[in-house]
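Peer 1: Sequence first, predicted coordinates after that:
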Amino acid sequence: MKMVLTILASGSSGNCALVQGDGVCLVIDAGLPIRTLQKRLGRAGRKGPVVGVLLTHAHADHIGHAAAYSDYFGCPILISTEALAALPEAQRKKSARCLVFDAGEAFGVGAFRIWTCPTPHSEGSVAYLVSGNGRALGWISDCGSVTNELMELAQGVSVLAVESNYSPSVLAQCTEYDQRLRQRISGGRGHLSNEQASQLIAAGASSGNLRKAILMHLSEHSNFPELAMDTAMIAKGNAEVEILIAGRDGAESVEV
């Protein structure tokens, strides 16, 4: 099964991606309004039904339009038990068509096998390893620190989409954020810095499996794409790993 990943949007204003394989599709996160999603799915050349909407956690830029996606595609929302419990009651009622899992659990959806990995960010937040026919991609978003489980995930995929949110030096001088927000971003349950993202890229590169890494969720105030790219390029060393960056409008499609 050939798998193709297309990041449709990445950043604090909305996150969403499409995974295609074996005639079916998965959507990861639901941060785009439905009309914008429809346009970008056309741009991505979606083929086949969407069999599930995978949610990484319960923050609005990732989950805000999940109920609309579920209705539009006629498919379930896949969300961790803790993340579902963290939703306001009104939103839980809108998200009635849910398949709930425990963080760390593995399950199948359509032609895909999905392994979930807990992440230190918010209640029930997870990373994903999506596989099929020996191909595997990793999705690590909104994550405050690098864990052994995330390192293992990075070593087992050929394509890794990983948050590279901020540069510590730029964040320290960021006047758009107050001290409390700067501390939350760089704390153990905030976001990954360029250097932390690069630890995961280096792990994947050293395994010999990783072919492409996509840097995503870059902050517009506390990072620069050039800094994120340079840090990742140094981390991969001489390994033949292509580094890409996903912006607010997403990134080019990548074959897994």
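Peer 2: Cool, got the structure.
Peer 1: who touches G48 in this structure?
Peer 2: 20, 23-25 (C-beta atoms under 8 Å, 6 or more residues apart in numbering). Glycine gets a C-beta too; all of them are placed from N, C-alpha and C.
Peer 1: go again using 10 Å as the cut-off
Peer 2: 20-25, 110-111 (C-beta atoms under 10 Å, 6 or more residues apart in numbering).
Peer 1: cool, E226 as well?
Peer 2: Neighbours of E226 in contact, by C-beta under 10 Å, 6+ apart: I245.
Peer 1: again with C174
Peer 2: 166-167, 181-182, 185, 219, 221-223.
Peer 1: same deal with P33?
Peer 2: Shown in contact with P33 (C-beta under 10 Å, 6+ apart): 14, 64-65, 68.
Peer 1: Please flag which of those residues sit within helices.
Peer 2: Among these, DSSP state H puts A68 in helices.
Peer 1: Confirm I234 sits in a helix?
Peer 2: Yes. Counting by DSSP: H, G, I helix; E, B strand; the rest coil, I234 falls inside a helix.
Peer 1: didn't it look like it was pressed against S198?
Peer 2: Yes. Assessed by C-beta atoms under 10 Å, I234 is found in contact with S198 at 7.2 Å.
Peer 1: roughly how far out does the helix or strand that contains I214 sit from the chain middle?
Peer 2: I214 is part of strand 212-216, with elements assigned from DSSP states H and E. In terms of C-alpha atoms, centre = their mean, to the nearest Å, the centre of strand 212-216 is set 10 Å apart from its chain centre.
Peer 1: could you say what helices and strands that strand packs with?
Peer 2: Counting contacts by 3 or more C-beta pairs under 10 Å, 6 or more residues apart in numbering; DSSP states H and E, strand 212-216 packs against strand 3-9, strand 135-140, strand 159-163, helix 194-207, helix 225-236, strand 242-245, strand 254-255.
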